[in-house]
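Participant: What would the 3D arrangement of this be:
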Amino acid sequence: MTGTLTRAATPAPGHRRAVGVSTCYGTFGELLQGALPPSGGDDGDFLVTLPIARWATARFTRGTPGSGVRVVPAHKSKARRMATAVLETFGAPPDGDLVLDGDLPEGKGFASSSADLVATARAVANALSVPLPEPLLERLLAHIEPTDGVLHPGVVAFDHRAVRLRSRLGSLPEAVIVGVDEGGEIDTVAFNRALPPFGRGRRQEYAALLERMTDAVARRDLRAVGALATRSALLNQDRCPKRALEAVLRIALDVGAVGVTAAHSGTMLGIVLDPGDPGYRSRFAATLDACADLGHEVTLHRTLGFDDRRTATGTRGEG
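Facilitator: Numbering: from 1, shown residues only. Down below sits the predicted model:
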């Protein structure tokens with residue numbers, strides 16, 4: 001990943017805040033992930049986000065000079081790097097205490113690491129009382145790791161390797177996801193590093209799928225989106241196979257679900273249900289019962305509509 005960071009203007013001392021707090025939403029895997037035909041140095045990597053109503057939260061308190069950046073939990077070393085990078089970008093001493101919390105499990109496909117980094121960057125910016133525009137945040141993220149598109153509100157097509165927005169697709173009606181966790185964890189950075197490139201035919205199919213997904217999201221057509229997500233989950237079987245996919249697909253068909261979504265570099269599968277469908281309650285109950293019989297952990301999630309005020313941009317500072 002490339003990109004040169006330039007130092008932003010130093011905030012005026014009289015306007016600095018001692019504490020900054022921010023949240024960032026997570027995702028349930030991806031609606032679609034693959035690669036487009038390469039063009040002009042663009043390798044074509046992309047994913048389409050599926051925002052859910054679960055969050056990472058960061059609270060940053062500015063420290064005394066020379067104290068360094070301390071983080072809780074201590075293993076969140078990438079968040080420490082992000083906090084330090086934001087402070088240095090704005091010419092502030094690299095000192096302070098960062099506390100991370102939230103309900104996004106790690107290594108499962110919920111974009112937990114990306115959400116931690118975005119929440120951290122915005123919390124530090126709030127503590128400094130400075131704006132953090134999305135292009136600058138993308139450059140900061142690109143120096144740390146491949147990143148999901150959670151810094152942008154709504155459903156977006158995002159190049160996770162180059163860390164840049166491809167396009168904003170819109171927002172979907174609320175849906176419910178019954179999640180099936182196959183267990184374990186996947187290190188997304190190591191996983192992406194080891195993947196072979198996509199062939200020409202697969203790239204052409206992904207280009208067609210992205211075009212159809214863009215149209216389906218714009219029309220807020222959950223059924224069309226679900227069908228495309230199901231195809232992406234099937235295509236991903238030769239890269240991050242899910243043992244339970246065949247069984248989950250059968251359940252989705254039996255209950256009349258919208259479709260199936262997958263964490264393309266995680267451990268999760270999800271059956272997507274439309275609460276507005278006739279017979280939703282019976283579909284939901286049947287889905288829960290059938291998924292419980294698979295012997296994996298079952299969890300429930302709600303997709304995030306961006307009339308919800310607590311989104312990626314829901315940040316605040318405290319004086």
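
Participant: can you pull out the helices in the stretch 201-319 of the chain?
Facilitator: Assigned by DSSP state H, counting those that start in this stretch, the helices in the stretch 201-319 of the chain fall at 222-235, 245-255, 280-292.

Participant: Pipe the ones you listed into TSV and attach mean neighbour count, distance to Val72 and mean pLDDT per row.
Facilitator: Where C-beta positions appear, they are placed from N, C-alpha and C, glycine not excepted. Putting the helices of the stretch 201-319 of the chain into TSV (neighbours: other C-beta atoms under 10 Å; distance: least, C-beta to C-beta, whole Å; pLDDT from 0 to 100) gives the following:
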stretch	mean neighbour count	distance to Val72	mean pLDDT
helix 222-235	22	36	98
helix 245-255	17	36	98
helix 280-292	16	35	98
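
Participant: now the strands for the stretch 1-150 of the chain?
Facilitator: Listed in chain order, the strands of the stretch 1-150 of the chain (DSSP state E, counting those that start in this stretch) span 19-35, 45-62, 69-72, 96-102.

Participant: Tell me how far the third one lies from the chain's centre.
Facilitator: In terms of C-alpha atoms, centre = their mean, to the nearest Å, the gap separating the centre of strand 69-72 from the centre of its chain is 23 Å.

Participant: got a list of what the closest residue to Ala207 other than its chain neighbours touches?
Facilitator: On the basis of C-beta to C-beta, 6 or more residues apart in numbering, the spatially nearest residue to Ala207 that is not a chain neighbour turns out to be Leu36, at 5.0 Å. Contacts for Leu36 were tallied using C-beta atoms under 8 Å, 6 or more residues apart in numbering; they are 42, 44, 46, 203, 206-207, 210.

Participant: Next: Leu140.
Facilitator: Residues 5, 82, 85-86, 89, 121 are the ones in contact with Leu140 under the rule C-beta under 8 Å, 6+ apart.

Participant: re the thing from before, let me know the closest of the contacts of Leu36 to Asp187.
Facilitator: Using C-beta to C-beta, Phe46 comes nearest to Asp187 of these, at 20.9 Å.

Participant: Next, count neighbours for the closest one.
Facilitator: Residue neighbour count, defined by other C-beta atoms under 10 Å, stands at 25 for Phe46.

Participant: State the distance from the closest residue to Ala92 other than its chain neighbours to Glu88.
Facilitator: Nearest non-adjacent residue to Ala92, counting by C-beta to C-beta, 6+ apart: Leu128, 5.8 Å away. Relative to Glu88, Leu128 is positioned 11 Å away (C-beta to C-beta, to the nearest Å).

Participant: Between those two, tell me which one has more neighbours.
Facilitator: With neighbours defined as other C-beta under 10 Å, Leu128 and Glu88 compare such that Leu128 has more, 25 against 13.

Participant: For the more buried one, give me the pLDDT.
Facilitator: Reading off the per-residue confidence, Leu128 sits at a pLDDT of 96.

Participant: go on, Ala9?
Facilitator: Each residue has a pLDDT score; the one for Ala9 is 47.

Participant: for Phe306, same thing?
Facilitator: At Phe306, the model reports a pLDDT of 83.

Participant: Then Ser39?
Facilitator: What the model reports for Ser39 is a pLDDT of 89.

Participant: now do Gly14
Facilitator: In the prediction, the pLDDT value recorded for Gly14 is 45.

Participant: okay but the residue nearest to Ala92 is in contact with Thr89, surely?
Facilitator: No - between Leu128 and Thr89 there is no contact under C-beta atoms under 8 Å: 9.7 Å.

Participant: shared neighbours, those two?
Facilitator: Joint contacts of Leu128 and Thr89 (C-beta under 8 Å, 6+ apart) do not exist.

Participant: Tell me how far the most centrally placed residue in the chain lies from Leu222.
Facilitator: By C-alpha atoms, centre = their mean, the mean C-alpha position of the chain lies nearest to Ala111, the distance being 3.9 Å. Spatial separation of Ala111 from Leu222 under the definition C-beta to C-beta is 21 Å.
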